[in-house]
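Enquirer: sequence below, structure please.
(chains A and B)
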Amino acid sequence: MSNLRLINETSTTTGVASLSVTDVFNADFDIYKITFTNTELASLDWVEFRFINSSGSVVTSSEYDEAVLELDSGGSFGEGRETNDTNFSRLIRSQTTEAKGGDVTMFLFNPFSSSSYTFGLVQSFGTITNGFGTKGIFVLTELSSIKGFQIYLNGGSNINKSTIRTYGLRVDS
Amino acid sequence: MGLIQVATETVSSPVASVTLTGIDSSDVYMVAINNFIPVNNDVSAYMRITKSGTADTTSNYDSAYKYLKSHTSFGNNGDANEDKINFGNIGTGTSEGVNSIINLYNFNSSSEYSYATQEDTTLNSLAQNQGKQGGFVHTVASASDGLFFYMASGNIASGTFTLYKVT
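Expert: All right, here's what the predicted structure looks like:
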């Protein structure tokens, strides 16, 4: 049996302002792999990411730090940096048609632990005018137990389509 | 993609080093590192590959990374003919350690170099989020069977290190 265990699959095929995945992190796993596929947006935008704590509240405190290398196939590369921000603001930058919907692979470390910060690794590729990808890291410097997450668009328009799969990396002692 | 656990070690009391072995096929292997934290403050965390279970200390490690940093401009970090791989300096403050995913290629081959891709997200000894994105090669055509982790000085305080076969 694989040690990569599918925990949850959440998707939308209609326009939603945000998409939440709840109650997926628990004491059974310390590291999680999350994939976002065919993420089609109502407008060209950045998809942003926030955690949901054990009370079910979205974590909006100014305790997110991030560093994202922006890989633009049609232009120069960029550096996205934030400290003490209220979200992870560069999950993926993508477009409005199904063919141009982008994809993401993320690893999360220690979200459920209330004695460790929560860290992330992210790779994405979408389309703006040309192909556009990211390689990034982030941390939530808050000692709270995290049980889920939410994505939404920077500009407030809708996510038309996305499938999110959350896996746990099982460690058998 | 599936993952089959090959070896794991969780450090809950200080130890000088951690060794993960068990690579015995041509499959790709993946190592997941969680909360690799030192006893001493502001020390480098290191890694070597193992040959027959023993860390290889020869100066045959070439590495190249984009160094992502949340607090300042990104860096380019390249080293040739080193005797180890350096994750960077970490500390004793809250969560000031290494979290990493490393994919291992050709390790079991006696006729090819051992390659790895690596992505880290860490908190350094100043509590700043940074991480390396890149990889390394051990430029010796002989079989490798795992990885060895240690600190520049002092012991490893905590961490979970797991080796998976990718299926």
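
Enquirer: center of chain B, which residue is that?
Expert: B:Met47 (4.6 Å; C-alpha atoms, centre = their mean).

Enquirer: name the nearest residue to it, ignoring sequence neighbours.
Expert: With sequence-adjacent residues excluded and distances taken as C-beta to C-beta, 6 or more residues apart in numbering or on different chains, B:Met47 is closest to B:Ile85, at 4.4 Å. Placement of C-beta: from N, CA and C, glycine included.

Enquirer: show the contacting residues for A:Leu108.
Expert: Residues counted as contacts of A:Leu108 (C-beta atoms under 8 Å, 6 or more residues apart in numbering or on different chains) are A:Phe25, A:Ile31, A:Tyr32, A:Ile34, A:Thr118, A:Phe119, A:Gly120.

Enquirer: out of those, which is most surrounded?
Expert: A:Phe119 (30 neighbours; other C-beta atoms under 10 Å in any protein chain shown).

Enquirer: helices and strands around the helix or strand hosting it, which ones?
Expert: Assigned by DSSP states H and E, A:Phe119 belongs to strand A:118-127. With contacts defined as 3 or more C-beta pairs under 8 Å, 6 or more residues apart in numbering or on different chains; DSSP states H and E, the packing partners of strand A:118-127 are strand A:88-94, strand A:102-109, strand A:131-140, strand B:98-105, strand B:114-123.

Enquirer: can I get these in a markdown table with mean pLDDT?
Expert: Output for those, formatted as a markdown table (pLDDT from 0 to 100):
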| stretch | mean pLDDT |
| --- | --- |
| strand A:88-94 | 93 |
| strand A:102-109 | 96 |
| strand A:131-140 | 96 |
| strand B:98-105 | 98 |
| strand B:114-123 | 98 |
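
Enquirer: which of these sits most buried?
Expert: strand A:88-94 (a mean of 25; mean count of other C-beta atoms under 10 Å in any protein chain shown).

Enquirer: low pLDDT regions in the chain?
Expert: I went with chain A, as the question did not name one. A:98 (pLDDT under 70).

Enquirer: the intended chain is chain B.
Expert: Using pLDDT under 70, nothing in chain B is flagged.

Enquirer: and the strands in it?
Expert: For chain B, the strands defined by DSSP state E cover B:3-11, B:17-21, B:29-38, B:43-51, B:54-55, B:61-69, B:75-82, B:85-90, B:98-105, B:114-123, B:129-138, B:146-151, B:156-166.

Enquirer: just list what the second one packs against, helices and strands only.
Expert: This points to strand B:17-21. Partner elements for strand B:17-21 (3+ C-beta pairs under 8 Å, 6+ apart): strand B:3-11, strand B:146-151, strand B:156-166.

Enquirer: name every strand pairing with the shortest one and say which way it goes.
Expert: Which is strand B:146-151. strand B:17-21 (antiparallel), strand B:43-51 (antiparallel) (DSSP bridges).

Enquirer: thinking again about what came up before, nearest to chain B, of the contacts of A:Leu108?
Expert: If you rank those by distance to chain B using C-beta to the nearest C-beta, A:Phe119 comes first, at 4.4 Å.
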